[in-house]
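Colleague: Turn this into a model:
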Amino acid sequence: MRGALLLVAAVILIRDPTGKWAGDPLESWFQSLHNKRGLYCCAEADGHALDDGEWDMKGDSYRVFLQGEWIVVPDDAVISETNKFGKAMVWLHDYVDTLSGDVHAITRIQCFIPGSGV
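Modeller: Got it, this is the predicted structure:
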């Protein structure tokens with residue numbers, strides 16, 4: 001029984017590493033979100049709520065305003081289910097690029113859910 005509790009605790013920590021959704025009524029909803037590639041948003045990336053002026057749609061693509069510039073959200077990062085939180089959110093994932101010859105960190109959009117207008 002103790003091993004099962006430790007496993008459950010480890011899974012919760014992995015899915016919400018900062019613990020900011022712990023105890024929130026939407027915690028299980030946040031943990032269930034995944035992008036079109038099947039990657040769970042809260043598993044590897046940190047979610048950020050966006051104000052209305054920090055996201056929009058241009059043509060057929062969503063964009064988010066990050067680090068002083070508009071970034072197009074990859075189609076496979078868009079979450080199409082109903083946004084229970086209300087505000088648009090973006091999940092960013094940092095990784096190290098070693099393929100270019102220079103080792104440097106790159107921030108990618110792992111998931112994005114548009115605001116619901118609530």
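Colleague: Might you list the low-confidence residue ranges for this structure?
Modeller: Scanning the chain for pLDDT under 70 picks out the ranges 1-22, 44, 100, 117-118.
Colleague: Now do the helices for it: every range, in order, please.
Modeller: 2-15, 27-32, 41-44 (DSSP state H).
Colleague: For burial, what's the neighbour tally of residue 85?
Modeller: 19 (other CB atoms under 10 Å). C-beta: built from backbone N, CA, C; applies to glycine.
Colleague: Nearest residue to it in space, please, no chain neighbours.
Modeller: Spatial nearest neighbour of residue 85, chain neighbours left out: residue 26 (6.1 Å); criterion: CB to CB, 6 or more residues apart in numbering.
Colleague: number of nearby residues for that neighbour?
Modeller: Look at residue 26: counted by other CB under 10 Å, it has 11 neighbours.
Colleague: can I assume it is in contact with residue 82?
Modeller: No - using CB atoms under 8 Å, residue 26 makes no contact with residue 82, being 12.0 Å away.
Colleague: Residue 77 versus the residue nearest the centre of the chain, what's the distance?
Modeller: Residue closest to the average C-alpha location in the chain (CA atoms, centre = their mean): residue 91, at 2.3 Å. From residue 91 across to residue 77, the span is 8 Å (CB to CB, to the nearest Å).
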